[in-house]
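K.L.:
structure, please.
(one chain, ligands or ions: 2)
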Amino acid sequence: HLPTIYVITPTYARLVQKAELTRLSQTFLHVPQLHWVVVEDSDKPTALVRDFLSASGVAYTQLHTLTPKERKLQDGDPSWLKPRGAEQRNEGLRWLRETASATKGQQGAAMETSVVYFADDDNTYSLMLFEEMRSTQRVSVWPVGLVGGMRFERPVVDKGKVVRFHTGWRPNRPFPLDMAGFAVSLRLVLTNPDARFDGDAQMGFLESSFLQGLVTMEELEPKADMCTKVLVWHTRTEKPKMKREDALQKQGLGSDPKVEV
Ligand code: UDP
Ligand code: MN
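P.N.:
Ligands and ions are numbered 1, 2, ... in the order given. Below you'll find the model as predicted:
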């Protein structure tokens, strides 16, 4: 049967959180054999995410880990200063390793062919992307649209092999790829128990901190028609303005806080 895709999504409480998770879940509902590992950036599981997931219809695991304060982006910091979601992705990897080691027999064997993908909550995913990544042997790669100040970034393929990367910035980074641009086999995650994201990595090196030691450029498996098709977009959601809400609240006329948004 079909290999399972474990999708690890870091997420944090903010006005648009439920909207983002709704869009993602309604994509994932169309993907067979997908297990969603949602990792909240919080000190405990939140009721919003718990209730949302239980009603979503997607197979899921709800995890949480709070980003330490010194690692967190402060209000006013430029967005590139610190990597986001690193601790949460590592928590997802920890859970996968623990779960795999506790799972024996047929189910354990099924995990061996599984695939791991890191899906941020604000991106846009084509259903076709999941069928591309399902056959990942070690690490598969593909283009990402609307990222890095470019129309797209992508691995460049020659005679079936990745030979370099099309990117607007520091092409000589070990793996100049966005988080959304690769998937790894669970087997590789399990045979490299120390592979993790370095939350202190310099800007643009978070993906490399994980992939370095797992594969070489020559071993990358190009998907999406030899990396010629964009099937995922690094969209970013505008922060909603609360000008009217704040004004009405001062008069005691704010939107009912009991209504979940
Ligand atoms: N994220 C998080 N905690 C934070 C900020 C972000 O868990 O304090 C999550 C966010 O929900 C997303 C991922 O980390 O799934 C990447 O964040 P973001 O989309 O803001 O990064 P960017 O698109 O700017 O690279
Ligand atoms: Mn994002």
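
K.L.:
so who does the residue in the stretch 51-200 of the chain that ligand 2 sits nearest to touch?
P.N.:
Each residue of the stretch 51-200 of the chain has a distance to ligand 2, by CB to the ion, and the smallest belongs to D122, at 4.1 Å. No exception for glycine: its C-beta is placed from N, CA and C like everyone else's. D122 makes contact with V16, E20, T235, R236, T237, according to CB atoms under 8 Å, 6 or more residues apart in numbering.

K.L.:
what about burial for the residues you listed, which qualify?
P.N.:
Neighbour counting by 16 or more other CB atoms under 10 Å classes E20 among these as buried.

K.L.:
got the contacts of D122 as TSV, with pLDDT and secondary structure columns?
P.N.:
Shown next, in TSV, are those (pLDDT from 0 to 100; DSSP: H, G, I helix; E, B strand; the rest coil):
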residue	pLDDT	secondary structure
V16	98	coil
E20	98	helix
T235	98	coil
R236	97	coil
T237	98	coil
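
K.L.:
now render the contacts of D122 as CSV, adding distance to M111.
P.N.:
Converted to CSV, the contacts of D122 look like this (distance: CB to CB, whole Å):
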residue, distance to M111
V16, 33
E20, 28
T235, 31
R236, 33
T237, 33
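
K.L.:
and the strands in the stretch 51-200 of the chain?
P.N.:
Taking DSSP state E, counting those that start in this stretch, the strands of the stretch 51-200 of the chain run over residues 59-64, 115-118, 124-125, 139-141, 144-145, 152-158, 161-166, 182-185.

K.L.:
now, which of the contacts of D122 sits nearest ligand 2?
P.N.:
Distance ranking of the contacts of D122 against ligand 2, using CB to the ion, places R236 first at 5.2 Å.

K.L.:
quick one: I5 and ligand 2, what's the gap?
P.N.:
Using CB to the ion, to the nearest Å, one obtains 20 Å as the distance from I5 to ligand 2.

K.L.:
contacting residues around Q17?
P.N.:
Applying CB under 8 Å, 6+ apart to Q17 gives the contacts T11, L48, V49, D121.

K.L.:
C-alpha coordinates for stretch 160-176, CSV please?
P.N.:
Provided in CSV are the C-alpha atoms of stretch 160-176 (Å, rounded to 0.1, in the frame of the first residue of the first chain):
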residue,chain,number,x,y,z
GLY,A,160,18.7,13.5,-14.1
LYS,A,161,21.0,14.9,-11.3
VAL,A,162,21.0,18.1,-9.3
VAL,A,163,24.1,20.0,-10.4
ARG,A,164,23.4,23.4,-8.7
PHE,A,165,20.7,25.7,-7.3
HIS,A,166,18.9,28.6,-8.9
THR,A,167,18.6,31.1,-6.0
GLY,A,168,19.0,34.8,-5.6
TRP,A,169,21.3,34.6,-2.6
ARG,A,170,24.4,32.8,-1.6
PRO,A,171,24.1,29.8,-4.0
ASN,A,172,27.1,28.2,-2.3
ARG,A,173,25.3,27.5,0.9
PRO,A,174,25.4,23.6,1.4
PHE,A,175,21.7,23.3,0.6
PRO,A,176,20.3,26.7,-0.6
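
K.L.:
touching, L63 and V37? I think so.
P.N.:
Yes - taking CB atoms under 8 Å as the contact criterion, L63 and V37 are neighbours in contact, 6.6 Å apart.

K.L.:
those two - which one has more neighbours?
P.N.:
The residue with the greater number of neighbours, taking L63 and V37 and applying other CB atoms under 10 Å, is V37; the counts read 25 against 17.

K.L.:
quick one: secondary structure of the more buried one?
P.N.:
Secondary structure for V37, judged by DSSP: H, G, I helix; E, B strand; the rest coil, is strand.

K.L.:
who in the protein is up against ligand 2?
P.N.:
Contacts of the chain with ligand 2, taken as CB under 5 Å from the ion, map to D120, D122.
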